[in-house]
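Peer 1: whatever this is, show me its structure:
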Amino acid sequence: MQWFAMVFRLIPMVTKLMTIAEQAFDDIPESGPQKKQLVMEAVKAVFDAIIGASTGGQQETWKKIEPVVSSIIDAICDFIFPKEDAK
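Peer 2: Sure, this is the predicted structure:
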């Protein structure tokens, strides 16, 4: 269950990365998928650094938390940028 605690510790970093992605793609309409990819790759890069510096089950941990991080990004985006209901 350590991976669960790790996910919660990543939330502030993911939120900051989302802000950076918003600024980087500010002038590009419909760039949501690119923003998410940027954030996911940045989080993965952090994990790759951890994996390179240590031994153990980090690879397996990333496989567990990757979909959760993706869902967190989606949830934060849905909260910050709610989709308008179709009329």
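
Peer 1: show me the helices in this protein, by range?
Peer 2: With DSSP state H as the criterion, the chain has helices at 2-24, 32-53, 58-80.

Peer 1: could I get those as a markdown table with mean pLDDT?
Peer 2: Converted to a markdown table, the helices of the chain look like this (pLDDT from 0 to 100):
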| stretch | mean pLDDT |
| --- | --- |
| helix 2-24 | 83 |
| helix 32-53 | 82 |
| helix 58-80 | 82 |
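
Peer 1: need those in CSV (columns: mean neighbour count).
Peer 2: For the C-beta atoms, the positions are set from N, CA and C on the backbone; glycine is no exception. CSV is the format used below for these (neighbours: other Cβ atoms under 10 Å):
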stretch, mean neighbour count
helix 2-24, 14
helix 32-53, 14
helix 58-80, 14
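
Peer 1: so who does residue 25 touch?
Peer 2: 31, 34, 35, 38 (Cβ atoms under 8 Å, 6 or more residues apart in numbering).

Peer 1: just these now: which is nearest residue 61?
Peer 2: Nearest to residue 61, judged by Cβ to Cβ, of the contacts of residue 25 is residue 38 at 21.8 Å.

Peer 1: test my guess that that closest one contacts residue 22.
Peer 2: No: with contact defined as Cβ atoms under 8 Å, residue 38 does not count as touching residue 22 (10.0 Å).

Peer 1: so how far is residue 2 from residue 77?
Peer 2: Going from residue 77 to residue 2 by Cβ to Cβ, to the nearest Å gives 27 Å.

Peer 1: hmm, I was thinking of residue 62
Peer 2: 13 Å.

Peer 1: again, but for residue 42
Peer 2: Residue 42 is 22 Å from residue 2, where distance means Cβ to Cβ.

Peer 1: excluding its backbone neighbours, what's nearest residue 6?
Peer 2: residue 65 (6.1 Å; Cβ to Cβ, 6 or more residues apart in numbering).

Peer 1: ah, wrong one, I meant residue 31
Peer 2: Take residue 31 and drop its neighbours on the chain: the residue closest to it by Cβ to Cβ, 6+ apart is residue 25, 4.1 Å away.
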